[in-house]
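# build me a structure from this.
(2 chains)
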Amino acid sequence: MKLSTKYHGTIDIEENEIWHFEQGIPGFEGEKQFVILSFEENSVFYVLQSVNNEALAFIVTDPFSFYKEYEIKLDDAVTHALQLEKPEQSMVYVILTVRDPFKETTANLQAPLVLNTTNRKAKQIILNDYSRRQPVAAAAVKE
Amino acid sequence: MLVLTRKTGEAIRIGNDIELTVLSVSGDQVKLGIHAPKHVDIHRKEVFLAIQEENEAAAKGHSDLSKLLKG
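Next comes the predicted model:
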């Protein structure tokens, strides 16, 4: 299917590339289908693009490459909602709030996106610890 | 808003499967126990609102994003 995107123009995606956020995400409860797109020139950041709303896209990244000590525990409610049976089925991204200059960009470690790669169900969960505005590590910024 | 008065140890049923119990009251703090099905998300309201706001801020992105990402 053809998809109009915020950062990648119009692209072709397959139905099986879609991630299903059954409850949307906080603030965008009506948006339940997203795809994750990469930037050609940059392998660290990805775009979480809404399938139904061209204008809605988030910049996301793999938190573990930035924050080595980052650790999340999934409670029963989450594993149940996503039908996660083992950790290997899961992928985690965090949303970046991109600011100019880029070094002021922050990552939302408090509300990671958890994805089940087996059934493609996904959910933004809310943790009690971690900051929702964690500055991105200096090492990740190309000066 | 529906207002109900409860004592410590008393509860409120919401629908068939949600139960709120007043566990203790101390000064202006109330400790609540919540029984709800797993599919019901329960969050402190201010935390949920903060995450909503952060998502909204993140969704704005940046007009010159590709330049920023290239550094």
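
# only C-alpha atoms for contact and neighbour calcs from this point on.
OK.

# can you pull the contacts of residue B:19?
B:11, B:12, B:13, B:34, B:35, B:36 (Cα atoms under 8 Å, 6 or more residues apart in numbering or on different chains).

# got TSV for these, with secondary structure too?
Formatted as TSV, the contacts of residue B:19 follow (DSSP: H, G, I helix; E, B strand; the rest coil):
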residue	secondary structure
B:11	strand
B:12	strand
B:13	strand
B:34	strand
B:35	strand
B:36	coil
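
# just the buried members of those residues?
Buried by 16 or more other Cα atoms under 10 Å in any protein chain shown: B:11, B:34, out of the contacts of residue B:19.

# so where does residue A:80 fall, helix or strand?
Per DSSP states H and E: residue A:80 is located in helix A:76-82.

# how about the residues of chain B by chain A?
B:38-39, B:41, B:43, B:48, B:51-59, B:61-62, B:68-71 (Cα under 8 Å from any Cα of the partner chain).

# enumerate the residues of chain A near chain B.
Near chain B, when you scan chain A using Cα under 8 Å from any Cα, you find A:26-27, A:41-42, A:56-59, A:76-77, A:80-81, A:95-102, A:108, A:111, A:126, A:132, A:141-143.

# only whichever of those residues are buried, select them in PyMOL.
A single PyMOL command selects the buried members of the residues of chain A next to chain B (16+ other Cα under 10 Å):
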select buried, chain A and resi 26+27+56+57+58+59+77+95+96+97+98+99+102+108+111+126+132
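
# just the contacts of residue B:19 now: which is nearest residue A:6?
Taking Cα to Cα as the measure, residue B:36 is the one of the contacts of residue B:19 closest to residue A:6, at 38.3 Å.

# for the closest one, which non-adjacent residue is spatially closest?
residue B:18 (4.5 Å; Cα to Cα, 6 or more residues apart in numbering or on different chains).

# re earlier: now, the residues of chain A next to chain B that are in helices?
Among these, the members falling in helices are A:76, A:77, A:80, A:81 (criterion: DSSP state H).

# the helix or strand where residue A:48 lies pairs with which strands?
Secondary structure from DSSP H and E places residue A:48 in strand A:42-50. Neighbouring strands of strand A:42-50 in its sheet, by DSSP bridges, are strand A:33-39 (antiparallel), strand A:57-61 (antiparallel).

# other residues contacting that strand?
A:5-6, A:31-39, A:56-62, B:69-70.

# and if you look at stretch A:66-78?
So stretch A:66-78 is contacted by A:63, A:64, A:123, A:125, A:127, A:136, A:137, A:140, B:38, B:39, B:41 (Cα under 8 Å, 6+ apart).

# ok, back up a step: out of the ones in helices among the residues of chain A next to chain B, the closest to chain B would be?
residue A:77 (4.7 Å; Cα to the nearest Cα).
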